[in-house]
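J.: Got a predicted structure here, sequence first:
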There are 2 protein chains.
Amino acid sequence: MRARLARYLPCLEWARQYDREAAGKDGLAALIVTLMLIPQSLAYAMLAGLPPVTGLYASILPLLAYAVFGTSRSLAVGPVAVVSLMSAAALGPLFVAGSAEYAGAAMLLALLSGAMLLLMGLLRLGFLANFLSHPVISGFISASGLLIALGQLKHILGIRVDGENAVELLHGLLLGLPASHLPTLAVGGGCLLLLLLFRNWLSSGLQALGCSPRLAGNLAKAGPVIALLASVLVVSLLGLADAGVRVVGRIPTGLPAFSLPPLDLALAVQLLPAALLISLIGFVESVSVAQTLAAKRRQHIEPNQELLALGSANIASALSGGFPVTGGFSRSVVNFDAGAQTPLAGALSALGIALTLLFFTPLFHNLPQAVLAATIIVAVLGLVDFGALKRTWHYSRQDAAAMTATMLGVLLIGVETGILLGVGLSLLLFLWRTSQPHIAVVGQLPGSEHFRNVERFAVVQSASVLSIRVDESLYFPNARYLEERIAVLVSQHPQAEQLVLMCSGVNLIDASALDSLETINLRLRTAGIQLHLSEVKGPVMDQLKRSGFLEHLGGRVFISQFEALAELDPQTTRRAIAQRGNGVSATLSHQSLLKENDNEKRS
Amino acid sequence: MRARLARYLPCLEWARQYDREAAGKDGLAALIVTLMLIPQSLAYAMLAGLPPVTGLYASILPLLAYAVFGTSRSLAVGPVAVVSLMSAAALGPLFVAGSAEYAGAAMLLALLSGAMLLLMGLLRLGFLANFLSHPVISGFISASGLLIALGQLKHILGIRVDGENAVELLHGLLLGLPASHLPTLAVGGGCLLLLLLFRNWLSSGLQALGCSPRLAGNLAKAGPVIALLASVLVVSLLGLADAGVRVVGRIPTGLPAFSLPPLDLALAVQLLPAALLISLIGFVESVSVAQTLAAKRRQHIEPNQELLALGSANIASALSGGFPVTGGFSRSVVNFDAGAQTPLAGALSALGIALTLLFFTPLFHNLPQAVLAATIIVAVLGLVDFGALKRTWHYSRQDAAAMTATMLGVLLIGVETGILLGVGLSLLLFLWRTSQPHIAVVGQLPGSEHFRNVERFAVVQSASVLSIRVDESLYFPNARYLEERIAVLVSQHPQAEQLVLMCSGVNLIDASALDSLETINLRLRTAGIQLHLSEVKGPVMDQLKRSGFLEHLGGRVFISQFEALAELDPQTTRRAIAQRGNGVSATLSHQSLLKENDNEKRS
């Protein structure tokens, strides 16, 4: 009972060992993360099409919920850029941004997303996230970052641009450029420059002035808050709000009230696909960063418990006037670097935001929207990594194709289309690849019991026994291909009297492939050739035993290719094994056995 | 040039060797097939929602086109039940059955389907048909047969029933039963009985009367025509048409005129998905029967050329007032049994249908629709094979699930939904299965260089070297699973200093899995364990060389698991190999090495 409780409430574990030292570290980390979170939460709310205060609302209860249920010691939960963009993409076509209906729908989206995460956690469906391959996620994040940055440029220029994709946004920006509002551009552009300088130089500059590296790093994290306060000061002193610089305006003071999202079934059904994608992307992003950080300190992340924790964080957000949240990359890294020891740091950040809501919101009245846009741009440009495309292309054309499709889909059509395109293409390319599997004729490596491809290695082949290795599970996409390839290989080896199908690479034989094997067996028999199998794996063998195939099979099932050849053509096998040097210790190097020009051979 | 021409015109090959004997056999086969084709073509046109004469139209030019381009010597092309049902399902929601618009759309559907087949043939995309797994096709054909039979019962009862799926049809039939039109029921029911009797008893009855088996078999094929002519005679003599028995009515005399389908782009786009499914199903059905028959006479079928042949047959159908056609199962088998030697038999059948259109159509004026319905029911009941579900269930639950989904989808929702459901579920189940691959700890079989699962075989294990075999390609659905499983296995073997990943079952490592391998490598290194690979296949090795992984890898890539162990733990390996009996000839039987109760073990 207690163990079960501890599994679902990881906070019970760390709370028992909590001490003053951990509290000090958590407190410092919480302070730094809070200073980062204030501008980011306001900005991501704007990005999601919501009033800035909802960003603060989404940064209190969700953090407390994660502190109770989460397994990561360093993850910083709250509004993040990509999920905010996805929320805007889901809600934008349905309601007017900034309206009460829009805000209600955002709460409903968080509720749905939270419910879905909880459900996946309870049903242990975390593996679903695996269908988002690394190249697809990487392409999605890069393209989303670029799209977000493009979308924010209008705030810097002080113009109105409507557009869902990169082409529309670029077109609108170019058309609107001459109409730029110069005071806005001055404030926004200046802030953007300042933030970029802070990011790149503040830490080393402070160190040059004699700060310790640790202190300098922590102070540099406060850069955005400094820029923000400076801009408020400039706008207030120069009266720029009256000159047309758009500011955040009045932010209501006080903690969020408990409230239910509108429980509109038709709307819920409409939002369901978006909520599913937001859940999956949010989960993957969050777990990736949590696992990376946990590995550095030998801690462990429990993905299914993370689903429950993120689910409750989103439900908490929905019930306190927020919108979808997840664990963010940049704030988590800052939290970790600042020395956060337990999720209590997150809870303390929530306290910081609550204090801000109670006392400091009037400070942000004159905060220019252009400054929030600059904060967003600087944050998301760190997500863009086009080098990954080059690296992926170098390793695998198929993966690079899926990545490119995702990027183009996100940039040219939309975030949801992009990710669906990427996942769909990954699956199709995999199926296409397995539908034409690599099939090799193999022979015995001299002096060993091992069999390898005759085209790559200098091996000994039997004249009467044809050894064929199939490098793929046998299932419906390649069932007929196998029939055709074996017919061709048999016609190329007219002396063969036996055929041994080496099944070391066959991890599954489905009903379609079983039919094909029956056909192959019959055809070979009429051609006077006996079919044998070798190295059939346990689970596959179990299944074959349940069918009638083994009774119809003319030949036998050998435990290894070597045993098959030793039985069917002992003379050749003995000759090959005799080429061994001085017994076991004479290990064979991969290179020495390769035929020439192996690298060029692909078949 | 000539070889290329011969590849695209297979008729050039058989035409050169054509002789009188072949002509005689082809002529007899053509006569029998024509007698079968007349009622079937009228009936399938009715099933497709078209005037009966279009069935005859679709049985002339398509047969000639196939005779020129087809590679099967025995395939009988023309209207078939399943494709007619699919055509009706595609057109029914758009137009009123029997209207000119409906007939035009049917021609367009044939044109689209033909164009798609041609395109697939030219792009060598025949492998696409492989995604229809055997269980899905089998389930689809059985369920379609049942649905067709249900849909025809209303004609036998002489009532009106509207319905798209089995539930609606059954409901309508039950409601309408009391209103059955008795004369229609008498004619239709009598004919149905007669046809079933003919099918089961005519051949043996004639043999009992002294006919040779061959003659008796051929005469029995004419059963449907006899039933049909008898019914015309009865209806005409008793004036049943005036008593309310619905008859075919006037069939226009004369050959079909050349005509273009309505080239309506919006309609074409609407029909495209249906045309694609019809093409794929038609192709699969046709190639399966062609290959089965070809194998019996050691002939060869060229699938990509078949695509071209079936494509031109459908385009020929579209241009002569027909509807989608393909190679049918029952008529092809009859054609083969009757001794057809070349596709000229098909061309002669086309001549028979042309003569029928020119001279005999008045004969069919009084043909009752109930008799056509009986013809269809008897033909499609031969397609229903529910035993296949039981056999598939016994072999593989996943395949049986896909088959059941297809059947239920076809019966309860519709033909297209059913097949998409089946294909989708096949793919999902495959992906789900590969997302949690079988991972085994392996050890050395005593007296051999072979390594097998420690849970199934009595093997020798090294204490310091952990050998793990992964039975699946490493790609995005299982990348993270691998990380987790290896972490668990390592924690279960605290003494291990080396880990050898045996990659004999790994046919692919994609970019996501490469990231996971990097992670595993790093984690193992920090835990003081060196990672090695063994039995990496050539294509996978080529790809790994293009990444930086091999440089980061702490350990080595061994050519075989045995070489790895011989190097890393020579003592244990030498001890294991010393258990060999008298050298090579002492082959090991699969059974003797199995641990007890292996059959119960699945892991």
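T.: Sure, I can see it.

J.: what's residue A:450 in contact with, if anything?
T.: A:444, A:562, B:449, B:559-560, B:562-563 (CB atoms under 8 Å, 6 or more residues apart in numbering or on different chains). Quick note: C-beta positions are derived from backbone N, CA and C, even for glycine.

J.: Just the ones in strands from these, please.
T.: residue A:444 (DSSP state E).

J.: and stretch A:473-486, which residues are buried?
T.: Using 16 or more other CB atoms under 10 Å in any protein chain shown as the test for burial, stretch A:473-486 gives A:473-483, A:485-486.

J.: wait, stretch A:359-375
T.: Those would be A:361, A:364, A:366-375, for stretch A:359-375 by 16+ other CB under 10 Å.

J.: Where do the strands of the stretch 501-603 of chain A begin and end?
T.: In the stretch 501-603 of chain A, the strands defined using DSSP state E, counting those that start in this stretch lie at A:530-534, A:557-558.

J.: mind giving me a markdown table with those and columns for mean neighbour count and distance to chain B?
T.: Output for these, formatted as a markdown table (neighbours: other CB atoms under 10 Å in any protein chain shown; distance: least, CB to the nearest CB, whole Å):
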| stretch | mean neighbour count | distance to chain B |
| --- | --- | --- |
| strand A:530-534 | 22 | 10 |
| strand A:557-558 | 21 | 6 |
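
J.: Of all the ones you listed, which one is nearest residue B:536?
T.: strand A:530-534 (19.5 Å; CB to CB).

J.: Listing partners with orientation, what would you give for the closest one?
T.: Strand pairing for strand A:530-534, using DSSP bridges, gives strand A:498-502 (parallel), strand A:557-558 (parallel).

J.: Name the stretch among the ones you listed that sits most buried.
T.: strand A:498-502 (a mean of 25; mean count of other CB atoms under 10 Å in any protein chain shown).

J.: Could you tell me how far it lies from the centre of the chain?
T.: Mean-position distance between strand A:498-502 and its chain equals 42 Å (CA atoms, centre = their mean, to the nearest Å).

J.: okay, that strand in PDB with CA atoms only?
T.: The C-alpha coordinates for strand A:498-502 follow below in PDB (Å, rounded to 0.1, in the frame of the first residue of the first chain):
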ATOM      1  CA  GLN A 498      18.800 -28.000 -51.100                       C
ATOM      2  CA  LEU A 499      17.900 -24.500 -50.000                       C
ATOM      3  CA  VAL A 500      18.500 -23.400 -46.500                       C
ATOM      4  CA  LEU A 501      16.600 -20.200 -45.500                       C
ATOM      5  CA  MET A 502      18.600 -18.600 -42.700                       C
END
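
J.: That strand - what's its average pLDDT?
T.: The average pLDDT within strand A:498-502 is 94.

J.: Stretch A:77-90 now?
T.: The pLDDT scores in stretch A:77-90 average 93.

J.: mind saving the C-alpha coords of that stretch as PDB?
T.: Taking Å, rounded to 0.1, in the frame of the first residue of the first chain, the C-alpha atoms of stretch A:77-90 are listed here in PDB:
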ATOM      1  CA  VAL A  77       6.700  23.200 -15.900                       C
ATOM      2  CA  GLY A  78       4.600  26.100 -17.300                       C
ATOM      3  CA  PRO A  79       3.700  27.800 -20.500                       C
ATOM      4  CA  VAL A  80       6.200  26.900 -23.400                       C
ATOM      5  CA  ALA A  81       6.500  28.300 -26.900                       C
ATOM      6  CA  VAL A  82       5.700  25.400 -29.100                       C
ATOM      7  CA  VAL A  83       2.600  24.300 -27.100                       C
ATOM      8  CA  SER A  84       1.400  27.900 -27.000                       C
ATOM      9  CA  LEU A  85       1.800  28.100 -30.800                       C
ATOM     10  CA  MET A  86      -0.200  24.800 -31.200                       C
ATOM     11  CA  SER A  87      -2.900  26.200 -28.900                       C
ATOM     12  CA  ALA A  88      -3.200  29.300 -31.000                       C
ATOM     13  CA  ALA A  89      -3.300  27.200 -34.200                       C
ATOM     14  CA  ALA A  90      -6.200  25.100 -32.700                       C
END
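
J.: how distant is stretch A:564-580 from the center of its chain?
T.: Counting by CA atoms, centre = their mean, stretch A:564-580 comes out at 50 Å from the chain centroid.

J.: List the buried residues of it.
T.: A:564-569, A:572-573, A:576-577.

J.: And for stretch A:269-286?
T.: Applying 16+ other CB under 10 Å to stretch A:269-286 flags A:270-271, A:274-286 as buried.

J.: Pull up the residues of the stretch 101-250 of chain A that are close to chain B.
T.: A:127, A:130-136 (CB under 8 Å from any CB of the partner chain).

J.: got any ranges where the stretch 251-400 of chain A has weak pLDDT?
T.: A:298 (pLDDT under 70).

J.: Can you name the residues of it that neighbour chain B?
T.: So the stretch 251-400 of chain A meets chain B at A:295, A:298, A:303, A:392, A:394-396, A:398-399 (CB under 8 Å from any CB).

J.: Output stretch A:358-370 as CSV, restricted to C-alpha atoms.
T.: Taking C-alpha atoms only, stretch A:358-370 is exported to CSV below (Å, rounded to 0.1, in the frame of the first residue of the first chain):
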residue,chain,number,x,y,z
LEU,A,358,-0.8,40.0,-5.8
PHE,A,359,1.6,42.9,-5.7
PHE,A,360,3.5,43.7,-8.9
THR,A,361,1.0,43.6,-11.8
PRO,A,362,0.7,47.4,-11.9
LEU,A,363,4.4,47.5,-12.8
PHE,A,364,3.6,45.8,-16.2
HIS,A,365,0.9,48.2,-17.4
ASN,A,366,3.3,50.1,-19.6
LEU,A,367,5.2,47.0,-20.8
PRO,A,368,5.3,47.2,-24.6
GLN,A,369,4.0,44.2,-26.6
ALA,A,370,7.1,44.6,-28.8
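
J.: got the phi/psi numbers for the residue in the stretch 101-250 of chain A positioned nearest to chain B?
T.: Chain B sits closest to residue A:133 of the stretch 101-250 of chain A, with a gap of 3.3 Å, by CB to the nearest CB. Main-chain torsions, residue A:133, degrees, to the nearest 10: phi -70, psi 160.
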